[in-house]
Structures are given as C-alpha cells and as structure tokens.
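[1] Take this sequence and fold it.
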Amino acid sequence: MPKASVNYRCSDCGWTTAKWVGRCPECQAWGTMAETAQATGVLRAVKPVTIAAGREARAITDIAPVDGANRRPSGIGEFDRVLGGGIVPGAAILLSGEPGVGKSTLLLEVASRAARARNRVLYVSAEESVSQVRMRAERTGAVHDELYLASETDLSTIVAQIDAVDPTLVIVDSVQTVSSSSADGIAGGPSQVREVASALIRIAKERDLPILIVGHVTKDGSIAGPRLLEHLVDVVCQFEGDRQTALRFIRALKNRFGPTDEVGCFEMAGDGIAEVTDPSGLFLSRNTTPVSGTCVTVAMEGRRPLPVEVQALVVGTTAPNPRRVTNGVDASRVAMLLAVLERRAGIRLGDKDVYVSTVGGVRLTEPGADLAIALAIASAATERAIPHTLAAFGEISLAGEIRPVVSGKQRTAEAARLGFTTRVDDRSATVREALRLAFMAASTDRERELDAAF
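    As a prediction, this is how the structure comes out:
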C-alpha cells in the first residue's frame, strides 16, 4: 500500500517543504503554507500511455518549413521590426513596461490596425470596463466592427469568449489581473500568473492563435510574477520611456522568431501613439550656431544608429567637493572620463563643477559615447566650440587611447547620411589627438595657419 507523505506548499509561489514554517523562504510571504498530501511509491510511477494519432514524433526533414510569408504584419512598422517582420501564428508575446508608459495604447493601436485588415480581434481588458476601452478607442480612432471587447478577470470566461468570437488575434490586458479557479492564491500571485499564462499559451499553440499578453513590472523593473513566465512565452518585449517626454522605445528581450537587438521608436500624441520611422532629429538641438560644450555622437540602439547630442557645462567653484551632475549618461563613466582628461589631456577639472546631459532625454549606456562626452566636457572647459558638422564616437581607455566600437561602419554611414562631414573616432590614437582634431575643425583657415606657425 503506498504511503502518503505530508508536505507543506506555499499558495503564492508553490515552494514545498516537509516541515511547516510560518514564512515562505522563497517569496517571503507569511501564512501561505498549506498542508498537501502527496502519494509515494507505486502510485507515483510513470504509467505508459498510447500516443494519439498525428502526435507521433517525426523526422525533421518530414516537417514542412515555415517561412516569413506566414507572418502577419501588425500594420505598425516599428512593432513588426522588433518582432522580426510580423506576428507569427501561435506566438505568445509578452509586453512589459511601467504603469502609464503606454502599453494599452500601443496594443489598442495594434488591434485597430489588425481589425482594419479584416482580421477579427478579441481585446480582453481585466483592468478597464468595455465602455472605458471604447472611450480610449474613440480618442485614438480605433473603433472598428472587427474589434471585439470583453472585460473579464476569470480565465474560464476568457476561454469561453475566445470560443465564441473565434478571433485571429487575442490581446489580454493584463496577466496579473486574471485569476483561475485551478490555482491557489490571489490574482497576480506567482501560482495564479503561472496557471493563467500556461493556459493562454496552450490555447495559442493548439489553435495557431497569436496572443499578446500585457505584463506589469516590479519596482526594480523586472516583470512581475514568477520567472517561469518569461520562459513560457515566445517573445518578451519591453516598452520603455520617460513619462516626462513623449518618446517611447520598444525592444525585444527574447524572441524565438527573430533578432533580439532591434528597437522600435514611437511618440505619444493626444490622439494615441505614432511610430517614428526616422528618429534622427529627435536628439539634436536646433541651434545652428556652434556653442561650446556640445558634441554629437552616433549611438546604437539595437541595430539602429541614432545621432545624439551631448551637452556639457563646466563652472569654476570654491567648494571642496566639486559637483558632478549627469542626466542621460552614467555618472561613474563621466567621473572616469574627467580623470582621463585631467591626466592624459592636461585639462584641469578638479576645481570645477561639471554638468553633462543629453538632448531629448535619451540615455547613453554604451562606451561608444565616451569620445563625444569627453569632447563636450573639454569644449566647455576651454570655451572652444565644436562645429555641428562633426560627429564623434569611440571608447576611451584609462591610458587615454581611443578604441574602436561595434558597428563602426554603420555609424559612419549614418553620420554621412545626416550631413556630418567631419568624423572623430578611433583613427585618432589618443584623446589628446582627438581634441586637437575637433578644435581644428572649428578653426578658420587663417587660425590654422597661425597655429601651425606658432
């Protein structure tokens, strides 16, 4: 006779233990450990089953290939760029982002474009009523007779809605607000999120029905719920942007059907969201007169080169600890560049406040922007302007050397396309030589002759 062993299972995260504890060591929740009986012995042995017809394993050469023609364009070019060319039938796509960044607005636009193409779309909102979604749809021009709305929080009812509507695309907003009677815990708990996501993904695979799922993020920016959620879905997209600006970026963190280094650019407007196919001028100032403390770099956002203007201000101070204020760039990286400029280029900055910022609120995280940041700081410190026709990119080492960066040819081509006639990069061996070239580019022919003579 098989013996029944008593275990204790957390109703939130599913962690099990043989001894009762008041607090779950995995998710740190109190009072969630419930007693469960688990059979051991012969009852736990794996029983052989009969494979259903059509489910047998097949040689890979006997399986028909799937090409890009089966992808369904969403109607939004920037979204399709990130997905790899369109939505794959049966794909489970998770879209995450901070509250208020525009996830629901983007997916409502996707639903509208699909409905205009005579594709039936089911938009399930577990956070808003259908009248509230209709109000947003009227504002953004997303009202169409092929767009079906439902306000449901129960998984079984959502499945019934899918059966009744028979859509070609399903959008669920959001997975953390849907609950299932088959799992313990409250909606949004790890066990509930796991059960709801598993059921939706199973429907997507069985019916070749693409499903877009909205996921909330935690305080540290990670997707709320168990890590298993990201492993279950096919595509994980992150929608990000500063809510103080209208610019938004979407990037793929995981994509089984395409690249993960593509970035889509959008702009929030009063009537919804609009894609920005050429964001070249968004991060450049419109001042045509060169001023000191500015330099343009070509940064890479995924596979997309973006020109970004870096601005710097250097002010003398009598404070014992000069201020180092940054916006859009890493403060520790700027501190390192200040040390390199003082040690390798002879520019005294120890008694000055330094402020560094980017135009448009974009954030530069790659080391390829080192050279532009250093040139902007040196320009502000020496009051010598750098011309708007100059673009700089390159990584600066502690020895003051300029190192090449990835996608150098692509950056060069983008700079030439935008009219930058002078380029400062790793062809300059040191940061001192790069400064000389940048300042010479702003000099007139007469000034160059005087510099050469004296």
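
[2] what about the helices in the stretch 1-150 of the chain?
    If DSSP state H, counting those that start in this stretch is used as the criterion, the helices of the stretch 1-150 of the chain fall at 77-83, 103-116, 130-140.

[3] The ones you listed: which one's closest to residue 401?
    helix 77-83 (35.6 Å; Cβ to Cβ). Any C-beta I mention is one placed from the backbone N, CA and C, and that applies to glycine too.

[4] Pull out the buried residues from stretch 361-381.
    For stretch 361-381, a neighbour-count test (16 or more other Cβ atoms under 10 Å) marks 361-362, 364, 366-381 as buried.

[5] quick one: that stretch to chain centroid distance?
    In this view, stretch 361-381 has its centroid 22 Å away from the chain centroid, taken as Cα atoms, centre = their mean, to the nearest Å.

[6] And for stretch 328-347?
    How far stretch 328-347 lies from its chain's middle: 28 Å, per Cα atoms, centre = their mean.

[7] circling back to that earlier point, so which of the helices of the stretch 1-150 of the chain gets nearest residue 389?
    Nearest of the helices of the stretch 1-150 of the chain (Cβ to Cβ): helix 77-83, 29.1 Å.

[8] Output the contacting helices and strands for the closest one.
    For helix 77-83, the contact count by 3 or more Cβ pairs under 8 Å, 6 or more residues apart in numbering; DSSP states H and E identifies strand 235-240, strand 247-255, strand 263-269, strand 272-275 as packing neighbours.

[9] so what secondary structure elements neighbour the host helix or strand of residue 373?
    Taking DSSP states H and E as the definition, residue 373 sits inside helix 370-382. Contact partners of helix 370-382 among helices and strands, from 3+ Cβ pairs under 8 Å, 6+ apart: strand 294-301, strand 304-316, helix 331-344, strand 352-358, strand 390-392, strand 395-396, helix 431-441.

[10] Reformat the ones you listed into CSV and put mean pLDDT next to each item.
    Shown next, in CSV, are the helices and strands packed on helix 370-382 (pLDDT from 0 to 100):
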stretch, mean pLDDT
strand 294-301, 93
strand 304-316, 94
helix 331-344, 96
strand 352-358, 96
strand 390-392, 95
strand 395-396, 96
helix 431-441, 93
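
[11] Same list (those) but as TSV, adding distance to residue 268.
    As requested, the helices and strands packed on helix 370-382 are exported to TSV (distance: least, Cβ to Cβ, whole Å):
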stretch	distance to residue 268
strand 294-301	18
strand 304-316	18
helix 331-344	28
strand 352-358	19
strand 390-392	28
strand 395-396	33
helix 431-441	36
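
[12] Nearest to residue 263, out of these?
    Ranking the helices and strands packed on helix 370-382 by their distance to residue 263 (criterion: Cβ to Cβ) puts strand 294-301 first, at 4.3 Å.

[13] What are the buried residues along the lengthiest helix in the chain?
    Determined from DSSP state H, the single longest helix within the chain is helix 190-207. For helix 190-207, the neighbour count (16+ other Cβ under 10 Å) marks 190-201, 203-204, 207 as buried.

[14] now what about it, what contacts it?
    Outside helix 190-207, the residues within contact range by Cβ atoms under 8 Å, 6 or more residues apart in numbering are 11-14, 27, 90-92, 155, 158-159, 162, 170, 172, 175-176, 178-180, 182-186, 209-211, 213, 224-226, 228-229, 232-233.

[15] so of those residues, which ones are in helices?
    Judged by DSSP H, those include 155, 158, 159, 162, 228, 229, 232 as members of helices.

[16] Just put those residues in a markdown table and tack on neighbour count and pLDDT.
    Shown next, in a markdown table, are the ones in helices among the contacts of helix 190-207 (neighbours: other Cβ atoms under 10 Å; pLDDT from 0 to 100):
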| residue | neighbour count | pLDDT |
| --- | --- | --- |
| 155 | 22 | 95 |
| 158 | 23 | 96 |
| 159 | 16 | 96 |
| 162 | 20 | 96 |
| 228 | 13 | 72 |
| 229 | 24 | 82 |
| 232 | 16 | 89 |
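
[17] farthest pair in those residues?
    Most distant of the ones in helices among the contacts of helix 190-207, by Cβ to Cβ, are 162 and 228, 22.6 Å apart.

[18] Count the neighbours of residue 350 for me.
    If you count neighbours by other Cβ atoms under 10 Å, residue 350 ends up with 8.

[19] The one 4 residues further on too?
    Here the neighbour count serves as a burial measure; for residue 354 (other Cβ under 10 Å) it reads 23.

[20] repeat for residue 14
    19.

[21] Just list the residues touching it, thanks.
    Per Cβ under 8 Å, 6+ apart, neighbours of residue 14: 190, 191, 194.

[22] let's see 10 Å
    Contacts for residue 14 (Cβ atoms under 10 Å, 6 or more residues apart in numbering) come out as 24, 26, 27, 183, 184, 185, 189, 190, 191, 194, 226, 228.

[23] Okay, the closest residue to the last one other than its chain neighbours and residue 14: tell me how far apart.
    The shortest distance from residue 228 to any residue other than its chain neighbours is 5.7 Å, reached at residue 194 (Cβ to Cβ, 6 or more residues apart in numbering). Noted for residue 194: a distance of 7 Å to residue 14, by Cβ to Cβ, to the nearest Å.

[24] for residue 271, same thing?
    From residue 271 to residue 14 the distance is 44 Å (Cβ to Cβ).

[25] Please apply the same query to residue 347.
    58 Å.

[26] do the same with residue 327
    43 Å.

[27] try residue 173
    To residue 14, residue 173 is 25 Å away according to Cβ to Cβ.

[28] Residue 310 too?
    Residue 310 is 48 Å from residue 14, by Cβ to Cβ.

[29] before we move on, back to that, which one of the helices and strands packed on helix 77-83 lies closest to residue 287?
    Taking the helices and strands packed on helix 77-83 one by one with Cβ to Cβ, strand 247-255 is closest: 19.9 Å.

[30] Name the strands paired with the closest one and say parallel or antiparallel.
    strand 235-240 (antiparallel), strand 263-269 (antiparallel) (DSSP bridges).

[31] quick one on the thing from earlier: any chance of the ones in helices among the contacts of helix 190-207 in JSON lines, with distance to residue 34 too?
    Below are the ones in helices among the contacts of helix 190-207 laid out as JSON lines (distance: Cβ to Cβ, whole Å):
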{"residue": "155", "distance to residue 34": "21"}
{"residue": "158", "distance to residue 34": "26"}
{"residue": "159", "distance to residue 34": "27"}
{"residue": "162", "distance to residue 34": "32"}
{"residue": "228", "distance to residue 34": "20"}
{"residue": "229", "distance to residue 34": "23"}
{"residue": "232", "distance to residue 34": "25"}
